[in-house]
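>>> predicted model and sequence follow; I will ask about them next.
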Amino acid sequence: MSAVDRLLARRVGPWSGRVWGLVLNLVANAVALWGVSSVMRTGGGGGWTWVVVGCGATVACIAVLARPSRSDE
Amino acid sequence: MNYPIARKIPRAVLDAEADRMAQLADAPWHRRLGGYARLAGPGFMGAALTLGAGTLTASMLSGATFGYRTLWLIWLSAGLGLFMMAAMARFTCRGGFRVIPTQNRRHSWVIGSLMTGLVGTAAVAVIFNFGQVALGTHLIESLAPFAGFTFPAEYNWLLYCGVTSALILSYGRRGGRGTRLVEAVMKSGIAVMILAFGAVLLLVGVDWGAAARGFFVPWLPGGGEGLDLFIASSAAAVGVMDWVFFHYAGLGRGWGRKHESLARFDLIAGLFVPFVVINFLMIGVFAATLFPQGVTPDSAPELAAALMPLLGPTWSQILFYAGFLAVPITTTVGMSLAGAMAVHEAFGWEPDTSSWRWRVSALLPQVAFLAAWNARPVWLVIAIAAFLSLANNVVGWSMYLLLNDRELLGADRCRSYLWNLGILLQVTLLNAIAVTYVFNRLGWW
């Protein structure tokens, strides 16, 4: 079982790593959209930082969560 | 076979279908496609359900406002939806479990019975049926003068509700023949839409160059409007009700392990292709007629009325109205069945299509006959829309988790990175709908 598989399968508190990943993805989506709304309201500035951070975190979450559990352990 | 509606199908019929599936597995591809087309059904029913007043009004508006430029969103939205629908096919064919009780067991009744069953499917069936009845009765009223008489919505709702109720109550009856009858009507409804809108599009003409550009080259209006359009269109084409309905309609047909390739064929040929073709035709008709004139009415009846003078001959107007009438009829039938299935699952009732409980649940959305008098429970629409915006993504999370659940599906769980990726992209878009809804309420969007 790889480290990512272990991370996704491990139970932390009430939920597994996969559920925490989904929650993190939602937070990342919100950050990106907050950035977009800032850019729309202020015409740029600090909003772009939120967009980049949010989109980067979203891509990272999706890339990890898309990994199926291949191990039968 | 753990779904009671399938138990009503005689064993001999199920065995004959299983034999046919086994023969088709080794048949040449063209024979296999023909055989699958005859055996398919839930996918076509899903398309007929999805292609309702709301979806087609959005297409009409899109064609009238943006011309052909948003055609690409159709195949993107339907294509993204296929990943989740394939998960539902997996639950039906290989999982063999009923998804709502399984969600209750694995993720809590709030996500299963409440969010997926009662709100995401049953309440949506009732609320959205108001739009179908309003459109259907308006179309009957508009068609009647062509036959030389008047038939106002205040009276013709009896015809609309009578025909749709008869179809709804046929489902699951007479040893599976009722189910096949409903499927045949849904398939015919889709065929009527394609023929009618296709003929009208040929009549008004197509700018093939602009249509090809719109279909393959992504374009969005600038600013927040573009982002809103992208998020709403790409995530909302296939939603919770479609997921639930396809799953339970497959169980109702007695689908098992051997049927997964049929289910996938059904998703592409029955759901994806009709969805793309019919929306393409509708956008095309309005892009060729109202868009050049800059006319953008904001409701389906107004859009249809604005189109009529541009269609010319009487027969083409009748054809358009007749094709359009198939839209609300098939959606009312599909949504009512989905609602009845969801209510039974949410409360843990065994679905018996000959029981009063089933009949009442299935006919509950017909309360929308009030739409014939322009009545609409606005407060309920707002409440349901809010709940759906905030809950659809969580139901999507639940489906993704079930598909990756080793304890539940064992070796049949998702083993494909691409499949998970497609589901996660749709889930992310559903998240975006929830977030923008909250931002909107807070005045940040």
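Cool, the structure landed.
>>> from here on, just use CA atoms for contacts and neighbour counts.
Will do.
>>> what about the chain, any weak spots by pLDDT?
Since no chain was named, I'll use chain A. A:1, A:71-73 (pLDDT under 70).
>>> sorry, should have said chain B
B:1, B:175-176, B:223, B:232, B:234-236, B:298, B:375-378, B:380-381.
>>> specify the helix with the largest residue count in it.
helix B:314-347 (DSSP state H).
>>> distance of the closest residue to chain B within chain A from A:Pro14?
For chain A and chain B, the shortest gap (CA to the nearest CA) falls at A:Ala66, measuring 4.7 Å. Using CA to CA, to the nearest Å, A:Ala66 is found at 21 Å from A:Pro14.
>>> of these two, which one has the most company?
A:Ala66 (23 against 7; other CA atoms under 10 Å in any protein chain shown).
>>> show me which residues of chain A sit near chain B.
A:18-19, A:22, A:25-26, A:29-30, A:33, A:37, A:40, A:62-63, A:65-70, A:72 (CA under 8 Å from any CA of the partner chain).
>>> filter the residues you listed to the buried ones?
Buried by 16 or more other CA atoms under 10 Å in any protein chain shown: A:18-19, A:22, A:25-26, A:29-30, A:33, A:37, A:62, A:65-70, out of the residues of chain A next to chain B.
>>> which ones among those map onto helices?
Short answer: those in helices (DSSP H) are A:Arg18, A:Val19, A:Leu22, A:Asn25, A:Leu26, A:Asn29, A:Ala30, A:Leu33, A:Ser37, A:Ile62, A:Leu65.
>>> how many other residues sit next to A:Thr42?
With other CA under 10 Å as criterion, A:Thr42 counts 11.
>>> rewinding a little: may I see the buried residues of the longest helix of chain B?
Buried, per 16+ other CA under 10 Å, within helix B:314-347: B:316-346.
>>> give me the phi and psi for A:Ser16.
Phi and psi for A:Ser16, reported as degrees, to the nearest 10, are phi -80, psi 170.
>>> list the residues that contact it.
A:Ser16 sits next to A:Leu8, A:Ala9, A:Arg10 when contact means CA atoms under 8 Å, 6 or more residues apart in numbering or on different chains.
>>> chain center to stretch B:404-423: distance?
With CA atoms, centre = their mean, to the nearest Å as the basis, stretch B:404-423 stands 25 Å off its chain's centre.
>>> same question but for stretch A:43-63, I mixed them up
10 Å.
>>> buried residues in it?
A:Gly47, A:Trp48, A:Thr49, A:Trp50, A:Val51, A:Gly54, A:Cys55, A:Ala57, A:Thr58, A:Cys61, A:Ile62.
>>> what about the nearest residue to the last one once chain neighbours are set aside, neighbour count?
In space, not counting the residues next to it along the chain, A:Ile62 is nearest to B:Leu424; the distance is 6.4 Å by CA to CA, 6 or more residues apart in numbering or on different chains. When neighbours are defined as other CA under 10 Å, B:Leu424 has 25 of them.
>>> returning to what we had before: list the contacts of the residue of chain A closest to chain B.
Taking CA under 8 Å, 6+ apart, we find A:Ala66 in contact with B:Tyr417, B:Leu418, B:Trp419, B:Asn420, B:Leu421, B:Leu424.
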